[in-house]
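Enquirer: Turn this into a structure:
(one chain, ligands or ions: 2)
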Amino acid sequence: MKKLFSLALALSLGATVFAQEKKDLTLNIVPLPQHVQINNGSFKINASTNIAFDSEEDKKVAVLFQDFLKSNYNLDLPLAKSAKSNSIYFSSKNAKKGNTEAYELNITADKVIVGGKAAGLFYGMQSLIQLLPVDKKASLEIQQASIQDEPRFAYRGLHLDVGRHFFPVEFIKKYIDILSSYKLNTFHWHLTEDQGWRIEIKSHPKLTQIGGQRKQTLLGNYKTDGDYDNTPYGGFYTQEQVKEVVAYATSKYVTVIPEIEMPGHALAALSAYPELGCGDNPGPYTAAQTWGVFDDVFCAGKEETFKLLEDVIDEVIPLFPSEYIHIGGDECPKTKWKTCPHCQKRIKDNNLKDEHELQSYFIQRMEKYINSKGKRIIGWDEILEGGLAPNATVMSWRGDQGAIDAANQGHDVIITANSYGLYFDHKQGPDQNREPLSIGGLSTLNSVYSSDPMPSKISEANKKHVLGVQANIWTEYIGSSNKVEFTLLPRVLALSEIAWTQPEKKNWKNFSEQRAARQLAKLDQTSTFYRVPEVYGIKDTTIYASEYTIENLKPSVEGAKIFYTLDNYDPSELDLEYTGPVKITVPNSKERIFKAVVVTPSGKRSNYIRVNIINTKK
Ligand code: ACM
Ligand code: ZN
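Expert: Ligands and ions are numbered 1, 2, ... in the order given. As a prediction, the model looks like this:
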């Protein structure tokens, strides 16, 4: 009797597990929605399906979806003013009040209803797009389901440094497309740097004519190499181009926050206007040709510095509807200020304690000006030093302390530190020999995914000050658009999930092996570059045994294959294909090195993973 009972229990448990495995409760959407209910059956998109909408605003999203089907599935569906049967219906009519980024997606046999307002409707469309099959020739069937979704954080950002390297407008638009497809909503455009000033300022044309150029660029690694390419490098965005980018971003519900760096990272500006450096005979300066932090910064004592920066702000503000202007504030050495008579006079006249308070004076003065124009400032966490500007939001990048201090003072913060894996310029795997040239550090897909960008030391009452999270792409070692894409993908998928999804819903195995693997299979069919994650199921390791079986390997991209070698050569598609367990027998006193690689349908390769099996028997 007991036996029978336990058998029945085992059978029923088995059945439950099987049912759960069969029913994918996530629909492979990234970021994972807050609530998904799967129903039986599917909705089939065919040539007589129409795309319906309510308002003119809803029509914009309907048209984006229409364009997507046309360019990706070669299907040109008509628009309709009202939903009939066989409709995909974009509707703000019954959108719930509250979070404007929330949406609902209801898929039945007869209709798909995407419900939401503006950004919410757009995010509903992004989820719907992700439900379309990987195989472009397959019939367009979508699982019947009901989704209710809204983001965890209001600020979900991605940054790009266009100062160290310049990227054309067409690429910036593609970047915005990528980030918005994963429901990020902010593009932080880092427009000025020591190595180049990239935004046209009509009242001060030399900023781009001179500051937009550098004579040459460091080759290789800053720490170990010392040669230059002997090739002038430059570029900038005209104000017309900036307007074009901002309008494009707005159409994808992305806010663009411009960053104008001050008082540091200013060499390119000083190369154009050397009189704004410290001392009585400043300069000459040249835009930096190498990387790092430079002592020459804007003089905080001269009125002319503030005049130029206010003129710049006057031209920047009308270009960007964003509530925020980012004024930098990071990495400003005080070396020159210490000996500059103008800076020292400013300190004395204003009863400032030291150069840190002078930096605070600088930022607070610029904040006052920007506030007077109806905008707010964001700065890197150094703006805390010497006293925080009264209305500033802090971008916390050097660990958590900046975030904690700012929140304790009642200021809003954005989390961008690499303790959360958010410095995407850092390498994506631990072994530099297997990675392209990078600035170093480490930010793996897993380290991004496993972080929760809510510092545990911020008190419960202050958690409301954490507006959200952002990843940064600094481009010292990223000179091409392809490499930006490689740097971004797939980590942006993990970023989107920590920004959007409640942390208790996260599941690394499901994310990496299933949902991200599906999204990467879709990317693999496009011209967008991405880093193929290493094979799942093994890690770099050494095992002491005479026999070992490698099994349960999984490709990191849906539809990709795994190949391996046993001879320590780097594996490729020319080697043995892994199709099931591989039993490795090692003679006494010998070693076998198993290396496996993922090769995607388009031919992209992952880095290899290595397992050394050593038989120590004599
Ligand atoms: C920074 O990485 N200097 C903000
Ligand atoms: Zn000075």
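
Enquirer: now the end-to-end length of stretch 402-414.
Expert: For stretch 402-414, the first and last residues are 10 Å from each other (C-alpha to C-alpha, to the nearest Å).

Enquirer: does any bit of it sit next to ligand 1?
Expert: No - Stretch 402-414 does not reach ligand 1 (C-beta under 6 Å from any ligand atom); its nearest approach is 10.4 Å. In this view, the C-beta of every residue, glycine as well, is placed from N, C-alpha and C.

Enquirer: Going along the chain, name the strands of the stretch 151-300 of the chain.
Expert: 155-161, 186-190, 192-193, 196-197, 213-214, 233-234, 255-262 (DSSP state E, counting those that start in this stretch).

Enquirer: just the stretch 501-618 of the chain next, same as before
Expert: 541-544, 547-550, 561-565, 576-577, 582-585, 591-599, 609-614.

Enquirer: so which of those comes closest to ligand 2?
Expert: With C-beta to the ion as the measure, strand 609-614 is the member of the strands of the stretch 501-618 of the chain nearest ligand 2 (53.8 Å).

Enquirer: Give me the helices and strands touching the closest one, please.
Expert: Contacting strand 609-614 under the criterion 3 or more C-beta pairs under 8 Å, 6 or more residues apart in numbering; DSSP states H and E are the following elements: strand 541-544, strand 547-550, strand 591-599.

Enquirer: between the strands of the stretch 501-618 of the chain, which gets nearest to Ala417?
Expert: Set against Ala417 and scored by C-beta to C-beta, the strands of the stretch 501-618 of the chain come closest in strand 609-614, at 28.3 Å.

Enquirer: mean confidence for the closest one?
Expert: Per-residue pLDDT over strand 609-614 has a mean of 98.

Enquirer: C-alpha coordinates for it, PDB please?
Expert: Taking Å, rounded to 0.1, in the frame of the first residue of the first chain, the C-alpha atoms of strand 609-614 are listed here in PDB:
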ATOM      1  CA  ILE A 609      35.800  26.500 -22.800                       C
ATOM      2  CA  ARG A 610      38.500  24.100 -21.700                       C
ATOM      3  CA  VAL A 611      38.400  21.000 -19.500                       C
ATOM      4  CA  ASN A 612      41.800  19.400 -18.700                       C
ATOM      5  CA  ILE A 613      41.500  15.800 -17.600                       C
ATOM      6  CA  ILE A 614      44.600  14.400 -16.000                       C
END
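
Enquirer: how much distance is there from that strand to the middle of the chain?
Expert: 33 Å (C-alpha atoms, centre = their mean, to the nearest Å).

Enquirer: Sheet partners, orientation included, of it?
Expert: strand 541-544 (parallel), strand 591-599 (antiparallel) (DSSP bridges).

Enquirer: State the number of residues packed around the closest residue to Leu576 other than its chain neighbours.
Expert: Once flanking residues are discounted, Leu576 sits nearest to Tyr564: 5.5 Å by C-beta to C-beta, 6 or more residues apart in numbering. Counted with other C-beta atoms under 10 Å, residues neighbouring Tyr564 total 20.

Enquirer: Could you report the distance from Tyr564 to Thr339?
Expert: Look at Tyr564 and Thr339: by C-beta to C-beta, to the nearest Å, they are 62 Å apart.

Enquirer: What residues does this protein have near ligand 1?
Expert: So the chain meets ligand 1 at 330-331, 380, 397 (C-beta under 6 Å from any ligand atom).

Enquirer: mind running it again at 8 Å?
Expert: 265, 328, 330-331, 380, 395, 397-398, 416, 423, 472, 474 (C-beta under 8 Å from any ligand atom).

Enquirer: residues in contact with Trp337?
Expert: By C-beta atoms under 8 Å, 6 or more residues apart in numbering, the contact set of Trp337 is 278, 297, 299-301, 343-344, 355, 358.

Enquirer: who wins for most neighbours among those residues?
Expert: Result: Val297 is most packed of those (other C-beta under 10 Å), 31 neighbours.

Enquirer: Now do the same contact list for the closest residue to Asn74 other than its chain neighbours.
Expert: Counting by C-beta to C-beta, 6+ apart, Asn74 lies nearest to Lys136, which is 7.8 Å off, once chain neighbours are set aside. The neighbours of Lys136, taking C-beta under 8 Å, 6+ apart as the test, are 72-74, 525.

Enquirer: cool, and Pro587?
Expert: 546, 615.

Enquirer: Could you report the distance from it to ligand 1?
Expert: The gap separating Pro587 from ligand 1 is 52 Å, by C-beta to the nearest ligand atom, to the nearest Å.

Enquirer: can you pull the pLDDT of that residue?
Expert: For Pro587, the predicted pLDDT is 97.

Enquirer: Pro232 now?
Expert: 98.

Enquirer: how close does it get to ligand 2?
Expert: 30 Å (C-beta to the ion, to the nearest Å).
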